[in-house]
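A.B. asks: Whatever this is, show me its structure:
(4 chains)
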Number of protein chains: 2
Amino acid sequence: MSLRHALLGLLADHPASGYDLTRRFEVSLQKYAWHARHSQIYPELNRLAAEGLISVVEEGARGRRTYAITEAGREEVRRWLLTPNKDAVVRNETVLRMFLLSTLDHAEIRKLLHEWIAEADAELERVCGALDRIEELRREQKDRWFGLFAAEYGRRSFQAQREWAEWALRQLDEAEQDGVERSEKENR
Amino acid sequence: MSLRHALLGLLADHPASGYDLTRRFEVSLQKYAWHARHSQIYPELNRLAAEGLISVVEEGARGRRTYAITEAGREEVRRWLLTPNKDAVVRNETVLRMFLLSTLDHAEIRKLLHEWIAEADAELERVCGALDRIEELRREQKDRWFGLFAAEYGRRSFQAQREWAEWALRQLDEAEQDGVERSEKENR
DNA sequence: TTTAACATGTAAACTGTTACATGATTCT
DNA sequence: AGAATCATGTAACAGTTTACATGTTAAA
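C.D. replies: Sure, this is the predicted structure:
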C-alpha cells in the first residue's frame, strides 16, 4: 500500500489539505512516481487520521481540513523507506509501448519515436523550470532536499528517454541503409 | 486495460503459453514496464481467446496450451500503440522512495543511495547480458527489433538511475563540507 | 524416489477508476 | 450574476494481489 506512504511523505515536508495533496500528485508525482485520484486520497486521509498517523491542524473555509504528520506517522514513513522492497511494483504504460514498438512497421515506429522526443522535450522544460525554482529556495535553506532529488531524477530520466528515442531512430536509419545496399548488390 | 495489450504484444513476437508469458513478465517486463501475476494472466488469456484476439495453436504435456495472436489481435495491438495516451498510468515504488528520500537524515539517505547504486549495477549487468544475446540473434535477422529497443531502454534508464544516485551523494558531500566551513567560521 | 520445475486455475480481499453528488468562495 | 476554482465525499465497477488448489513431468 504505497498510497499511504506517498501521502505521509508529502505531509512530512509540510502540512496540507486533501485538495493540496491531490494537486501535488497531479503536478509532481503522477508523471513518474505514483498516480492517485482525489476519490482515493480523501478516504485514505480519513483512515490515516483515524490511525493517528496524521492529524487535523486547521479547519478553513469550505470545509477545508489541513493535515499534519504526527510522530507515529513520521516513524511509519521512515520504517517504510528503510525496508527495502525487492520486487517493487512498476507500471508504466509508455515504457510498455516502447517495449512493444517493434510490432509496428518502420514508418509507424518513426512517427511514435518523434512524438516521444517531443513529449520528453516538453517534460524536460517543465522539470528544468521546477529545478530553477527549487535552486532559488535553496539559496536560503541549504539543507532542504525535498523536491530537488525528485526533480533531478525526473530531468535525468526524461533526458535518457529522449536519447533512447534518438538512438532508436539511428538504428532504423542504419537498417534501411543496409537494406538499400543489399538490393543494389542484387541488381548488379 | 494494459495487461491485454502487453499479452498481445508478446504474442505478436511469437506464440507462447500462459506459463511462458508469466516468465517473460518476470524477467523482462516487470522491472520497468508492467507487472502481472499468473493469476491475472491465465483468465485474461481465456478472455482474449474467447474474443478471437488469440487462438490455441498447440496442446502439450501437463495441459499446456500454446497461444498465437490472430489477425484481429494484431490489429488491436496496432490500434492501441498508435492511440497516444496523454495521461498514461505510472506507478513506480522505487521512484516514490526517491521522491520521499529527503525525509530521512544524511546517514540514512547515503545508505539507501549506495543500495540503489548496487541494484542499478546488478540490473545493468543483467541487461547488458540480454543485449549481447540479442546482438547475436541480429547477426542473422537484421530486422528483428523485438527485445532490442526494450533492452536498450532498460540499460539507459538503469544507467541514469546510477548516475543520479552518484550525483545525490555528491550533493550531500558538498552540503556537509559547507556545514563544516560555516561552523569553523563561527568558532573563530 | 523425491525434489524442482512445469502448468493451470479460482475466490476473497484489496486497490484504484469513473461517475455521481454537493456546496462554498473567489474572481470577472 | 455567472463562471471558475476550491473542497470533500460516496458507490459501482474494474483491475490486482494473495492464498488456496491441483496435478504432471523431468532430473538428480
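
A.B. asks: use CA for all of it now, contacts and neighbours both
C.D. replies: Noted.

A.B. asks: residue contacts, residue A:147?
C.D. replies: Counting by Cα atoms under 8 Å, 6 or more residues apart in numbering or on different chains, residue A:147 touches A:134, B:99.

A.B. asks: can you give me the helices in chain A?
C.D. replies: For chain A, helices defined by DSSP state H occupy the ranges A:2-13, A:18-24, A:38-50, A:71-82, A:93-100, A:106-138, A:148-187.

A.B. asks: right, and the ones you listed - which one's nearest residue B:177?
C.D. replies: helix A:106-138 (15.9 Å; Cα to Cα).

A.B. asks: between that closest one and helix A:148-187, what angle do the directions make?
C.D. replies: Angle, helix A:106-138 to helix A:148-187, by axes from the mean of the first three to the mean of the last three Cα atoms, to 10 degrees: 160 degrees.

A.B. asks: quick one: the one residue sitting closest to the centre of chain A from DNA strand D, how far?
C.D. replies: Geometric centre of chain A, nearest residue: residue A:32, 1.7 Å, by Cα atoms, centre = their mean. Computed as Cα to the nearest atom of the strand, to the nearest Å, the residue A:32 to DNA strand D distance reads 16 Å.

A.B. asks: swap in residue A:187?
C.D. replies: Computed as Cα to the nearest atom of the strand, the residue A:187 to DNA strand D distance reads 48 Å.

A.B. asks: Residue A:180 now?
C.D. replies: Taken as Cα to the nearest atom of the strand, the spacing of residue A:180 relative to DNA strand D amounts to 42 Å.

A.B. asks: do residue A:23 as well
C.D. replies: Relative to DNA strand D, residue A:23 is positioned 8 Å away (criterion: Cα to the nearest atom of the strand).

A.B. asks: what's the burial count for residue A:137?
C.D. replies: A total of 12 residues lie near residue A:137 under the criterion other Cα atoms under 10 Å in any protein chain shown.

A.B. asks: One more: residue A:76?
C.D. replies: Residue A:76 has 17 neighbours, counted by other Cα under 10 Å.

A.B. asks: Next: residue A:61.
C.D. replies: The burial metric for residue A:61, expressed as a neighbour count using other Cα under 10 Å, is 6.

A.B. asks: same deal with the one 10 residues further on?
C.D. replies: In terms of burial, residue A:71 registers 12 neighbours under the definition other Cα under 10 Å.

A.B. asks: Apart from its neighbours in sequence, what residue is nearest it?
C.D. replies: Excluding the flanking residues, the one nearest residue A:71 by Cα to Cα, 6 or more residues apart in numbering or on different chains is residue A:53, at 7.4 Å.

A.B. asks: doesn't residue A:77 make contact with the one you found?
C.D. replies: No. Applying Cα atoms under 8 Å as the test, residue A:53 and residue A:77 come out as separate, 9.7 Å apart.

A.B. asks: who's more crowded, the two?
C.D. replies: Under the criterion of other Cα under 10 Å, the comparison of residue A:53 against residue A:77 puts residue A:77 first, with 25 against 21.

A.B. asks: The more buried one is in contact with residue A:10, isn't it?
C.D. replies: No. Applying Cα under 8 Å as the test, residue A:77 and residue A:10 come out as separate, 10.1 Å apart.

A.B. asks: is the lowest-mean-pLDDT helix or strand in chain A up against chain B anywhere?
C.D. replies: Of all the helices and strands that make up chain A, helix A:148-187 has the lowest average by mean pLDDT, DSSP states H and E, namely a mean of 90. Yes. Helix A:148-187 reaches chain B (Cα under 8 Å from any Cα of the partner chain) through A:149-150, A:152-153, A:156-157, A:160-161, A:164, A:168, A:175.

A.B. asks: Which elements pack onto that helix?
C.D. replies: Taking 3 or more Cα pairs under 8 Å, 6 or more residues apart in numbering or on different chains; DSSP states H and E as the contact definition, the neighbouring helices and strands of helix A:148-187 are helix A:106-138, helix B:93-100, helix B:148-187.

A.B. asks: Which stretch among the ones you listed is buried most, on average?
C.D. replies: Mean neighbours per residue, mean count of other Cα atoms under 10 Å in any protein chain shown, is largest over those for helix B:93-100, with a mean of 22.

A.B. asks: Mind checking if it is in reach of chain A?
C.D. replies: Yes. When contact is scored as Cα under 8 Å from any Cα, part of helix B:93-100 falls within range of chain A: B:93-100.

A.B. asks: okay, now residue A:45: neighbour count?
C.D. replies: Neighbour tally, residue A:45, other Cα under 10 Å: 21.

A.B. asks: Distance-wise, check the closest residue to it other than its chain neighbours relative to residue A:60.
C.D. replies: Nearest-residue entry for residue A:45: residue A:18, 7.3 Å, with adjacent residues in sequence omitted and distances by Cα to Cα, 6+ apart. Spatial separation of residue A:18 from residue A:60 under the definition Cα to Cα, to the nearest Å is 12 Å.

A.B. asks: got the residues of chain A near DNA strand C?
C.D. replies: Counting by Cα under 7 Å from any atom of the strand, the residues of chain A lying close to DNA strand C are A:1-3, A:35-37, A:39-40, A:61-62.

A.B. asks: Can you tell me which one of those residues sits lowest on pLDDT?
C.D. replies: Among the residues of chain A next to DNA strand C, residue A:1 carries the weakest pLDDT, at 88.
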